[in-house]
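> Pasting the sequence and the predicted coordinates here, then a few questions.
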Amino acid sequence: MSSKTALVTGATGLLGRQVVRAFERGKWNVKGTGYSRADGVSVLKVDLVNAEQLTAALDDVKPQVVVHCAANRFPDKCDKDPEGTRALNVEATRRLASLCAARGILLIYISTDYVFPGKPGDAPYEADAKPQPTNLYGQTKLDGEYVVLEEYQKAGKAGLGVVLRVPVLYGDAEVPAESAVNILLDNVWKAQESVSKIKMDHWALRYPTNDISVKYLGSDDKSKLPSILQFSSEDKCTKYEICQRFGEIMGLSIAGIEPNTEGNDPNASVQRPYDCHLSTKALKDLGIDVSTQDFTGWWRWNVKAFRK
Ligand SMILES: NC(=O)c1ccc[n+]([C@@H]2O[C@H](COP(=O)([O-])OP(=O)(O)OC[C@H]3O[C@@H](n4cnc5c(N)ncnc54)[C@H](OP(=O)(O)O)[C@@H]3O)[C@@H](O)[C@H]2O)c1
């Protein structure tokens, strides 16, 4: 049995499931926590907003590393429930950081490219660029970054609290709606039968990313790690271009999908950034592999798997 133990929050989610697998591949003991989808056996059911449950989970699992993936991460849902979103994305994060810092646990807080404004001409963003979120989701994730760094600073353990920002993710989704990329394949299918054309954003640039590296967890001298890291693919595309790729992969026409280059509706309450491309320099400087899966290659493999 390995002596290294990791705890992954949000282990029932899109990213958390993969982080658990990555630790398993690395021969760590790993325990995941989830909430509504947790079975209480393979994945612990822990309401992170509940201080007692959170403390009990840490005392029970006794990890050396916690990867904090759990969050409310759908911008529209966040907008509809600002209090609940702050309770999970910020306050639960603060409590987790404070408890982990007091126990000398390395905490990797998963954040987002949405902490940046994404104005045309700004990207790529270095890890130390000035954040300025355009919506409540991004703001709560940024506040989560601040509370992690603050709690570790307060505890005199600054090197042990790390922020890892990632862009839009795709991968093994339980349902396509779990990922803003996977759902586009559904749209391509719908466009085959739809009478009216489906409007698809062809304005905002995205860098769909799969297969997050967690190699740096193994560093012997964590105090040398920068406190903010960023991971991203270099593959730039709009949602409409992703639909085009899906059309090619599946041999489907996307004539029923209309590129929409209008950008944000200035009256919408959730404004989305145009281009938040994250520089991966901080990870590269650490000698960490920032190569990503090839988008088309992964999807070819994935859709074939579905057809079996
Ligand atoms: N997905 C993306 O494209 C993307 C892009 C950039 C950054 N991120 C960041 O990456 C992280 C992981 O995202 P994801 O896509 O994996 O999210 P996800 O699929 O929506 O999963 C969210 C996780 O949070 C858990 N959770 C929700 N409320 C909880 C509560 N009260 N107590 C405990 N756990 C709770 C959920 O558990 P149950 O489902 O069991 O309730 C689930 O495991 C997030 O921090 C997100 O901000 C994601």
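Nice, thanks for sending it over.

> Would you map the strands across the stretch 101-250 of the chain?
106-112, 161-166, 198-201, 228-230 (DSSP state E, counting those that start in this stretch).

> For those strands, give me a markdown table that also has mean neighbour count, distance to G118 and mean pLDDT.
(C-beta placed from N, C-alpha, C; glycine too.) Converted to a markdown table, these look like this (neighbours: other Cβ atoms under 10 Å; distance: least, Cβ to Cβ, whole Å; pLDDT from 0 to 100):
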| stretch | mean neighbour count | distance to G118 | mean pLDDT |
| --- | --- | --- | --- |
| strand 106-112 | 25 | 11 | 95 |
| strand 161-166 | 24 | 13 | 94 |
| strand 198-201 | 17 | 13 | 93 |
| strand 228-230 | 23 | 14 | 93 |
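
> Dump those strands to a markdown table, plus distance to the ligand.
Output for the strands of the stretch 101-250 of the chain, formatted as a markdown table (distance: least, Cβ to the nearest ligand atom, whole Å):
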| stretch | distance to the ligand |
| --- | --- |
| strand 106-112 | 4 |
| strand 161-166 | 5 |
| strand 198-201 | 15 |
| strand 228-230 | 11 |
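
> For G247, find the nearest of those strands.
strand 198-201 (11.3 Å; Cβ to Cβ).

> just to revisit the earlier point, as TSV, the strands of the stretch 101-250 of the chain with distance to C78 would be great.
TSV is the format used below for the strands of the stretch 101-250 of the chain (distance: least, Cβ to Cβ, whole Å):
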stretch	distance to C78
strand 106-112	11
strand 161-166	17
strand 198-201	19
strand 228-230	21
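
> Any stretches of this structure with poor pLDDT?
1-2, 211-224, 305-308 (pLDDT under 70).

> tell me what the longest helix along the chain is packed against?
For the chain, the longest helix by residue count, based on DSSP state H, is helix 136-154. With contacts taken as 3 or more Cβ pairs under 8 Å, 6 or more residues apart in numbering; DSSP states H and E, helix 136-154 sits against helix 75-80, helix 82-86, helix 93-103, strand 106-112, strand 161-166.

> right, so of these, which gets closest to W301?
Using Cβ to Cβ, the nearest of the helices and strands packed on helix 136-154 to W301 is strand 161-166, at 21.3 Å.

> circling back to that earlier point, looking at the helices and strands packed on helix 136-154, which is nearest to T261?
Across the helices and strands packed on helix 136-154, closest to T261 is helix 75-80 (Cβ to Cβ), at 20.5 Å.

> which helices and strands does the closest one pack with?
Other elements packing on helix 75-80 under the criterion 3+ Cβ pairs under 8 Å, 6+ apart are helix 136-154.

> at contact distance from the ligand, anything in the helix it packs on?
Yes - using Cβ under 6 Å from any ligand atom, we find that helix 136-154 touches the ligand at K141.

> any idea of the angle that helix forms with helix 93-103?
Orientation of helix 136-154 against helix 93-103 (axes from the mean of the first three to the mean of the last three Cα atoms, to 10 degrees) gives an angle of 20 degrees.

> how about helix 136-154: buried residues?
By 16 or more other Cβ atoms under 10 Å, the buried positions in helix 136-154 come out as 136-145, 147-152.

> go on, stretch 265-284?
Going by neighbour count (16+ other Cβ under 10 Å), the buried part of stretch 265-284 is 270-283.

> now swap in stretch 252-267 and tell me
Going by 16+ other Cβ under 10 Å, stretch 252-267 has these buried residues: L252, I254, G256, I257, P259, N260.

> chain center to it, what's the gap?
25 Å (Cα atoms, centre = their mean, to the nearest Å).

> do the same with stretch 102-122
That offset, for stretch 102-122, works out to 9 Å (Cα atoms, centre = their mean).

> Okay, now that stretch: how far is its last residue from its first?
38 Å (Cα to Cα, to the nearest Å).

> go on, stretch 145-163?
The straight-line separation of the ends of stretch 145-163 (Cα to Cα) is 6 Å.

> need the residues of the stretch 51-200 of the chain near the ligand, please.
69-71, 73, 88, 110, 112, 141, 166-169, 178, 180.

> Q230 pairs with what?
Going by DSSP bridges, Q230 is paired in beta bridges with R165.

> no no, N29
Listed beta-bridge partners, N29: T5 (assigned using DSSP bridges).

> Closest to D59 out of the buried residues of helix 136-154?
Nearest member of the buried residues of helix 136-154 to D59, counting by Cβ to Cβ, is E151, at 18.0 Å.

> List the contacts of the closest residue to the closest one other than its chain neighbours.
Leaving aside its sequence neighbours, E151 sits nearest to A97 (Cβ to Cβ, 6 or more residues apart in numbering; 3.8 Å). Listed by Cβ atoms under 8 Å, 6 or more residues apart in numbering, the contact partners of A97 are L107, Y109, V147, V148, E150, E151, Y152, G161.

> Thanks a lot, catch you later.
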